[in-house]
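# Coordinates for the following, if possible.
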Amino acid sequence: MASSSIRLIKKYPNRRLYDTRTSAYITLADVKQLVLDNEAFRVADAKTEEDLTRSILLQIILEEEAGGSPLFSAQMLSQIIRFYGDAMQGMMGAYLEKTMQAFLEIQGKFQEQSKAFYDGRGLPTNPELWTQFMQVQAPMVQGMMSHYIDQSKNLFVQMQEQMQQQARTMFQGFPFPGMPGMPGSPGTGVPPQTPAQPAPSATQSRSEAPDAPAPQPAPAAAPARSSARQRK
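Predicted structure coming up:
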């Protein structure tokens, strides 16, 4: 998509949003409507031209979550927060994005099938038929989502196993204790290897050998008998 077709919205220091296409100030509700209308736009700081699109979208999500029908539970938000700074952060972001795309495809098929029950104004042509249609389609949509979640789980497990295999292949020359597949890691049953100590050199052997015991002095000779006893 060319940059000229993207709607530019400038944010000023007074937190006001200015739509350069309509030359008018707009609110977060107007930006939300642009999102609902699939209108491509970009929010930039009026002075530094820093991209603030994500910040504005997060503000919209915060206002919607503070309303009566939140989309995220506290448990899910806690799990998302735990992935920040984690080694799997980038992978989880891509996984959530693909999951959302798959859900939108299912939603598109669902809307395509339901067109026969709408008139030109988007209203049900027959409320009874619409109720029956929803009762039939709801289990089908749930089944499709369950099937997709199972496939995603299997793909995620396979991807994790491939990453572990690549890590073992890459670091097989480095005997890190505790690494999967290496001696000392859980489940291998092989104790960690102790590196062999180099043999001491001859010089080290002589210098480090224990000192030999010092020679003991010879016992003193018995004193000679006195000359008087010899004359006797």
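# what's the burial count for residue 96?
The number of residues packed near residue 96 is 12, by other Cβ atoms under 10 Å. For the C-beta atoms, the positions are set from N, CA and C on the backbone; glycine is no exception.
# Apologies, that question was intended for residue 37.
When neighbours are defined as other Cβ under 10 Å, residue 37 has 8 of them.
# distance of it from residue 164?
According to Cβ to Cβ, to the nearest Å, residue 37 stands 45 Å off from residue 164.
# And residue 92, by the same measure?
For residue 92, the distance to residue 164 equals 17 Å [Cβ to Cβ].
# what about the two, which has more around it?
residue 92 (16 against 13).
# Contacts only, for the more buried one.
The contact partners of residue 92, taken as Cβ atoms under 8 Å, 6 or more residues apart in numbering, are 83, 86.
# Go again with 10 Å.
Shown in contact with residue 92 (Cβ atoms under 10 Å, 6 or more residues apart in numbering): 79, 80, 82, 83, 84, 86, 156.
# In three-state terms, label it for me.
Using DSSP: H, G, I helix; E, B strand; the rest coil as the criterion, the local structure at residue 92 reads helix.
# Sketch out the low-pLDDT regions of this protein for me.
Residues of the chain meeting the criterion pLDDT under 70: 1-4, 111, 113-134, 136-138, 140-141, 144-145, 172-232.
# Show me the helices in it, by range?
Ranges of helices within the chain are 28-36, 53-65, 74-82, 89-113, 127-170, 202-208, 227-231, based on DSSP state H.
# can you tell which of those is closest to residue 9?
helix 28-36 (7.0 Å; Cβ to Cβ).
# hmm, who's touching that closest one?
Where contact means Cβ under 10 Å, 6+ apart, the residues beyond helix 28-36 that reach it are 7, 9, 17, 19, 22, 24, 26-27, 39-41, 43, 53, 56-57, 59-64.
# buried subset of those residues?
Burial by neighbour count, judged by 16 or more other Cβ atoms under 10 Å, picks out 9, 17, 19, 41, 43, 56 from the contacts of helix 28-36.
# And the furthest pair within those residues?
Looking at the buried ones among the contacts of helix 28-36 by Cβ to Cβ, the two members farthest from one another are 19 and 56, with 12.4 Å of separation.
# any shared contact partners between those two?
Listed as contacting both residue 19 and residue 56 by Cβ under 10 Å, 6+ apart are 9, 31, 41.
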